[in-house]
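Participant: show me how the following folds:
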Amino acid sequence: MLDSAIFAWIHQLVGWLLEPVTVAMLALLALAIWDVGVACGERFGGLARWRLLPAAEVERRARRRLERSDLIARLGPILGLMGTLIPLGPGLAALGEGDLKVLGVAMRVAFDATVMGLLGGMAGFVLGRLRRRWYDELLDAMERETEGAR
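Facilitator: Below you'll find the model as predicted:
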């Protein structure tokens with residue numbers, strides 16, 4: 001039953017996904033590193049310049065940056081899980097055939113993908129939490145200044 005052509009085709013398709021998933025995970029980690037730099041710039045001077053902008057523009061910018069952080073936080077673990085599960089199929093098949101070398105390589109790839117995905121997710125989560133606090137504080141301060149000017 002599990003030897004049908006459909007399952008063979010699905011297995012082939014999933015095997016082709018490992019490389020694109022790995023490239024996507026590396027791109028996501030590069031985006032996370034870049035976003036950490038942007039967040040450092042915001043924290044050490046960038047947000048002070050945002051005070052000169054209208055509140056609607058601050059909210060728009062904040063929303064876009066929070067969405068990017070949330071995307072990194074969610075996609076990292078998803079890509080990590082995909083990168084974990086894809087090599088496990090061939091690895092377990094190799095175990096059934098007694099080829100421990102292939103199993104070892106598959107397990108190494110699987111665990112590396114897990115760690116990289118969790119690293120990306122952690123970076124996105126931390127950035128999102130910090131930014132939410134920073135933006136809330138900025139908008140509260142801008143609101144107090146506006147009320148004080150009246």
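Participant: got the buried residues for stretch 114-123?
Facilitator: For stretch 114-123, a neighbour-count test (16 or more other CB atoms under 10 Å) marks 114, 116-117, 119-121, 123 as buried. Heads up, the C-betas are built off the backbone N, CA and C, glycines and all.
Participant: and what of stretch 69-89?
Facilitator: Residues of stretch 69-89 classed as buried: 69-70, 72-73, 75-87 (neighbour count, 16+ other CB under 10 Å).
Participant: touching it from outside, list them.
Facilitator: Contacts with stretch 69-89, where a contact means CB atoms under 8 Å, 6 or more residues apart in numbering, come from 11, 14-15, 17-18, 21-22, 24-25, 28-29, 31-32, 35, 105-107, 109-125, 127-128, 131.
Participant: can you rerun that using 7 Å?
Facilitator: By CB atoms under 7 Å, 6 or more residues apart in numbering, the list of residues contacting stretch 69-89 from outside reads 11, 14, 17-18, 21-22, 24-25, 28, 31-32, 35, 106, 109-110, 113-114, 116-118, 120-121, 123-125, 127-128, 131.
Participant: and if you look at stretch 130-145?
Facilitator: The list of residues contacting stretch 130-145 from outside it, by CB under 7 Å, 6+ apart, reads 39, 42-43, 47, 50-51, 55, 58, 62, 65-66, 69.
Participant: give me the mean pLDDT for it.
Facilitator: Taken as a whole, stretch 130-145 carries a mean pLDDT of 92.
Participant: buried residues in it?
Facilitator: Applying a neighbour-count criterion of 16+ other CB under 10 Å, one finds 131, 134-135, 138, 142 buried in stretch 130-145.
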